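Q: Got a sequence here, can you build the structure:
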Amino acid sequence: MPSSKLAERGEDPQAKRERRKEARPGELLDAALDLFVEKGYAATRSEEVAARAGVSKGTLFLYFPSKEELFKAVVRENMSGRFAEWEEEFAAFEGSTAEMIRYCLRVWWERIGATRASGITKLMISEARNFPELATFYQQEVIRPGTDLMRRILQRGVDRGEFAPIDVEYGVYALVAPMIFLIMMKHSLGACAPQDYPLDAQRYVETMADLLVNGLCARAEAPRGRA
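A: Below you'll find the model as predicted:
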């Protein structure tokens with residue numbers, strides 16, 4: 001921002017520059033998230049991240065020695081770092097498993113899907129095969145703990161007799177697929193959708209939860225000998 005503009009807002013340009021020199025890692029991660037989502041991993045340059053955060057490239061490398069390490073930090077900050085919180089919620093949840101599924105889908109949308117962080121998933125779908133080390137990292141940090149948590153949610157419902165016995169290993173995909181579709185609509189496919197038929201994300205999440213829960217519970221309640 002030009003010095004004249006800073007002056008108009010009552011800010012000291014020199015103080016502004018000094019503050020930016022001391023940018024914290026959180027500001028760098030925020031700038032990196034913006035650029036990774038906007039441009040993708042391959043097209044984002046470290047110097048662009050530094051410029052977006054208002055610091056030198058050297059300052060960026062003091063915290064993150066490579067673009068790969070910067071990306072990993074962005075994923076941990078916005079996605080994988082949340083699993084400890086979600087594990088605690090899972091352990092303390094006292095409602096039915098049907099209520100838990102509805103809660104999980106809604107909270108996932110509020111905390112990840114509706115935020116800029118959802119662009120990380122789209123980025124990985126697009127670029128994972130070009131960066132196998134990042135794909136391995138993402139699998140270990142996000143996909144494995146995520147699928148493990150969902151597997152245990154489904155197993156909880158089966159063990160408590162709330163759901164019919166199912167193959168929980170593959171049942172996980174029934175929870176994941178609707179969310180992936182919603183991310184792709186937000187970041188890619190939405191541009192191709194008819195403009196007079198907008199997708200209401202909240203309504204979509206609630207509908208998918210209804211379909212999943214009603215199907216699982218209906219099978220559990222079916223009389224013996226009937227599907």
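Q: Roughly how far does G58 sit from E77?
A: 22 Å (C-beta to C-beta, to the nearest Å). (C-beta placed from N, C-alpha, C; glycine too.)
Q: the more surrounded of the two?
A: A count of neighbours by other C-beta atoms under 10 Å puts E77 above the other of G58 and E77, at 17 against 8.
Q: quick one: contacts for the more buried one?
A: G26, L29, L33 (C-beta atoms under 8 Å, 6 or more residues apart in numbering).
Q: With adjacent residues omitted, what lies nearest to the first one?
A: What it means is G26. E77 (7.8 Å; C-beta to C-beta, 6 or more residues apart in numbering).
Q: Which helix or which strand is home to the one you found?
A: helix 67-78 (DSSP states H and E).
Q: And for Y173?
A: helix 168-187.
Q: Grab the CA positions of that helix and hand them over as CSV.
A: Extracted in CSV, the C-alpha atoms of helix 168-187 (Å, rounded to 0.1, in the frame of the first residue of the first chain):
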residue,chain,number,x,y,z
VAL,A,168,-17.2,-50.5,7.2
GLU,A,169,-14.0,-50.4,5.1
TYR,A,170,-16.1,-49.5,2.1
GLY,A,171,-18.9,-47.8,4.0
VAL,A,172,-16.4,-45.0,4.6
TYR,A,173,-16.6,-44.0,1.0
ALA,A,174,-20.3,-43.4,1.3
LEU,A,175,-19.4,-40.6,3.8
VAL,A,176,-16.5,-39.2,1.8
ALA,A,177,-17.9,-39.1,-1.7
PRO,A,178,-20.7,-36.5,-1.1
MET,A,179,-18.1,-34.2,0.5
ILE,A,180,-15.7,-34.5,-2.3
PHE,A,181,-18.4,-33.7,-4.7
LEU,A,182,-19.3,-30.6,-2.7
ILE,A,183,-15.7,-29.4,-2.7
MET,A,184,-15.4,-29.9,-6.5
MET,A,185,-18.6,-28.0,-7.0
LYS,A,186,-17.2,-25.2,-4.9
HIS,A,187,-13.8,-25.0,-6.6
